[in-house]
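> Quick one: sequence plus predicted model below, questions after.
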Amino acid sequence: VTTTNSATLYIENSPLAGTNQTITNPYALWVDDGVARFDGKIQASGGISSQYAKILIVDVNGRGDYTTISSAYTAAVALTPSATNRILVRVLPGEYNEQFSLTTDYISIEGSGMDSTIVYSASASSTTGVITSNFSGSNVTVSGLTFDNRNIAGAHGAAYVYTAGTPRFVLNKFTCSVNCLTGNGGGMYNVSGGIYESNVIQSNSLGLGGGFAKTISGGTWANNKFIGSSVLLAAVSGGTFTGNTFNTTGAIALDSPTGGVFEANSFVATGSGSYTITSVGGGTFTNNYIGASGSSAALHAVTNGTFINNFIGGIATTGGGASGGSFYGNYITNNAPISGGTWVDNNFETALAITAAVTISGGKVNSGGGYPINTSGSITVTLKNIELNTSLSVSTSMTAGDTLVMDNVVLNKPLGATGTFVGTYTNSTNTSTRLNVVQNGTGNIMALDSTNSSSNGLGIDLQSSSSSQYVLNLTANNGATNVLYARADGNVGI
């Protein structure tokens, strides 16, 4: 039997349009992304079309057009690339000891995978990385490479991207494998632009000299993995971060942000006594998981910033807790000092330690036996439209001169169940109800004790300055025998 033409895979033709259908680009085979490998020869009777006018092959072992990326890039620049003359530098597996810079638009670089194609240098400096980008182009993609800064003496980064353009980095790794001792970020430094998708930015154990990203003022970051054992990201003042994971076994995942937009990211720091995000001076955080597994707290020293619908694994007791910022709809565990900021519709898992005048509006306080307000100093704390699932007020909770303003508060455990409350309850709205407390639990709504008062001390003192208002109006709708039950065990009767 003789077969003239045979194939393991045979595609007869491209798709044909049916009735009332138009196909603009009918492809018989379409590889949308990734590397298609052909070890044998390619025979094309109809010609080969590509988005690139020229492909330059780099192989450190000498089987390509060039042995270094730098020489291939220089040759690509000489070809005068343009929108109709795009150049691709394709890098085969191997380790390349060199540095190079992106200077020209319409030249892309494609490695064979971050695990097999490694570009490294021990000569990175304060102005150049293993790869450096400083041009205004937006038609460049760098993919499938590892950039390894091996300057142990103190370099500034494997990638140094200070650019007004938007070069695109996809499926790369940025690291400092030799544990850079000093400097500012072995992985990335001084990034002010660019698009970063599905990359790995890896740190080591030596803190600010490690392989993390530092001084980030811009760029679009999506689905990247920041991993390692030290600080992962520091000094962020701008940029958009979406769907990234920040996971360090060291102290801090995000250090000193003053700006940037963070949405749907995961931040975890598992080192003992660490803070997941520290020294927050700005930025917008929405729908993030900010965990504190193994850490002392998720947030530390918050002075500004906006937090919306995040899971926050606690606020640290040191560094001032949260002295500023805006918090809306977050779930917060292990709460610590609050001395300022805006708080609306948050759910607090444990007690609040409030040390300055602040208003808490909406949401819940769920404490497993603690007390939701712990103040220090002569301050006014306002609770509005909030549900308290814990007892409120003991002698150590509020100090003399403190005022607690409660407006439409639902109290699911007794008010003043133990101890002595020394603040005052008022209602901040100008209505007929001066205090409206809804009791859904068991026990007393109020337990007032004047044991430690002066000889004229009152357990409860009700006054009305209006002739049309009741001083005290009690109604029992639960079948109770007594609407008001009072007993005097001392010298003063009823």
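Arrived safely, thanks for sending. Numbering: from 1, shown residues only.

> hey, let's count contacts and neighbours off CA atoms from now on
Noted.

> Tyr106 is in contact with Val140, correct?
Yes - counting by C-alpha atoms under 8 Å, Tyr106 is a contact partner of Val140 at 5.5 Å.

> any idea how far Thr80 is from Lys364?
64 Å (C-alpha to C-alpha, to the nearest Å).

> Between these two, which has more neighbouring residues?
A side-by-side neighbour count of Lys364 and Thr80, using other C-alpha atoms under 10 Å, places Lys364 first with 23 against 14.

> Quick one: residues contacting the more buried one.
345-348, 386-389 (C-alpha atoms under 8 Å, 6 or more residues apart in numbering).

> Specify the beta-bridge partners of it.
When bridges are called by DSSP bridges, Lys364 pairs up with Asn347, Glu387.

> And it, how far from Ala251?
31 Å.

> and what of Thr132?
Taking C-alpha to C-alpha, one finds Thr132 at 29 Å from Ala251.

> These two: which has the busier surroundings?
Neighbour count, other C-alpha under 10 Å: between Thr132 and Ala251, Ala251 has more, with 27 against 23.

> List the beta-bridge partners for Ala297.
Tyr275.

> repeat for the one 10 residues further on
Phe307 forms beta bridges with Phe285, Phe327, as assigned by DSSP bridges.

> Tell me which residues are up against the helix or strand that Thr74 is a member of.
Element membership of Thr74, judged by DSSP states H and E, is helix 69-78. Applying C-alpha under 8 Å, 6+ apart, the contact partners of helix 69-78 are 56-58, 65-66, 87, 89, 91, 96, 98-100, 104, 107.

> what pairs with the helix or strand immediately after it in the chain, and is each one parallel or antiparallel?
Following helix 69-78 in sequence order, the next helix or strand is strand 87-91 (DSSP H and E). Strand pairing for strand 87-91, using DSSP bridges, gives strand 54-58 (parallel), strand 107-110 (parallel).

> Distance check, Ser133 against Ser192.
From Ser133 to Ser192 the distance is 10 Å (C-alpha to C-alpha).

> What of Gly260?
Where Ser192 is concerned, Gly260 sits at a distance of 12 Å (C-alpha to C-alpha).

> what do you get for Ile23?
Counting by C-alpha to C-alpha - Ile23 and Ser192 are separated by 41 Å.

> for Thr342, same thing?
For Thr342 relative to Ser192 (C-alpha to C-alpha), the value is 31 Å.

> out of the two, which sits in the more crowded spot?
Taking other C-alpha under 10 Å, Thr342 and Ser192 do not tie; Ser192 has more neighbours (23 against 15).

> that older thread, return the angle between stretch directions for the helix holding Thr74 and strand 54-58.
On the basis of axes from the mean of the first three to the mean of the last three C-alpha atoms, to 10 degrees, helix 69-78 is oriented at 160 degrees to strand 54-58.

> May I see the buried residues of helix 69-78?
69-70, 72-73, 76 (16 or more other C-alpha atoms under 10 Å).

> any chance of those in a markdown table, plus pLDDT?
Output for these, formatted as a markdown table (pLDDT from 0 to 100):
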| residue | pLDDT |
| --- | --- |
| Ile69 | 97 |
| Ser70 | 96 |
| Ala72 | 98 |
| Tyr73 | 97 |
| Ala76 | 98 |
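
> Tell me the one of the residues you listed nearest Asn310?
Ile69 (43.6 Å; C-alpha to C-alpha).

> residue ranges with poor pLDDT in the stretch 1-150 of the chain?
35, 41, 44, 46-49, 124-127 (pLDDT under 70).

> Pick the most buried one from the strands paired with strand 87-91.
strand 107-110 (a mean of 23; mean count of other C-alpha atoms under 10 Å).

> any idea which helix or strand comes after that strand?
Next along from strand 107-110, by DSSP H and E: strand 117-121.

> Can you give the strand pairings for that following strand, parallel or anti for each?
strand 94-97 (parallel), strand 146-149 (parallel).

> which is the next helix or strand following that strand?
Note on strand 117-121: by DSSP H and E, the next helix or strand toward the C-terminus is strand 131-133.

> contact partners of the next helix-or-strand element following that following strand?
Downstream of strand 131-133, the next assigned helix or strand under DSSP H and E is strand 141-143. Applying C-alpha under 8 Å, 6+ apart, the contact partners of strand 141-143 are 107-111, 113, 167-172.

> buried stuff in strand 141-143?
Neighbour-count burial for strand 141-143 [16+ other C-alpha under 10 Å]: 141-143.

> What strands flank that strand, and is each parallel or antiparallel?
When DSSP bridges is applied, strand 141-143 pairs with strand 107-110 (parallel), strand 168-170 (parallel).

> Now render the ones you listed as TSV, adding distance to Asn151.
Shown next, in TSV, are those (distance: least, C-alpha to C-alpha, whole Å):
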stretch	distance to Asn151
strand 107-110	24
strand 168-170	22
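
> Can you say which of the ones you listed is nearest to Gly283?
Across the strands paired with strand 141-143, closest to Gly283 is strand 168-170 (C-alpha to C-alpha), at 23.6 Å.

> List the neighbouring strands of the very next helix or strand once past the closest one plus their orientation.
For strand 168-170, the succeeding helix or strand toward the C-terminus, using DSSP H and E, is strand 173-175. Paired strands of strand 173-175, with direction, are strand 146-149 (parallel), strand 200-202 (parallel) (DSSP bridges).

> The very next helix or strand once past strand 173-175 packs against which elements?
Following strand 173-175 in sequence order, the next helix or strand is strand 188-191 (DSSP H and E). Applying 3 or more C-alpha pairs under 8 Å, 6 or more residues apart in numbering; DSSP states H and E, one finds that strand 188-191 makes contact with strand 159-161, strand 213-222.

> name the helices or strands packed onto the longest one?
It stands for strand 213-222. Short answer (3+ C-alpha pairs under 8 Å, 6+ apart): strand 213-222 packs on strand 188-191, strand 195-197, strand 233-242.

> Which of those strands has the highest mean neighbour count?
Using mean count of other C-alpha under 10 Å, strand 188-191 ranks as the most buried of those, with a mean of 27.
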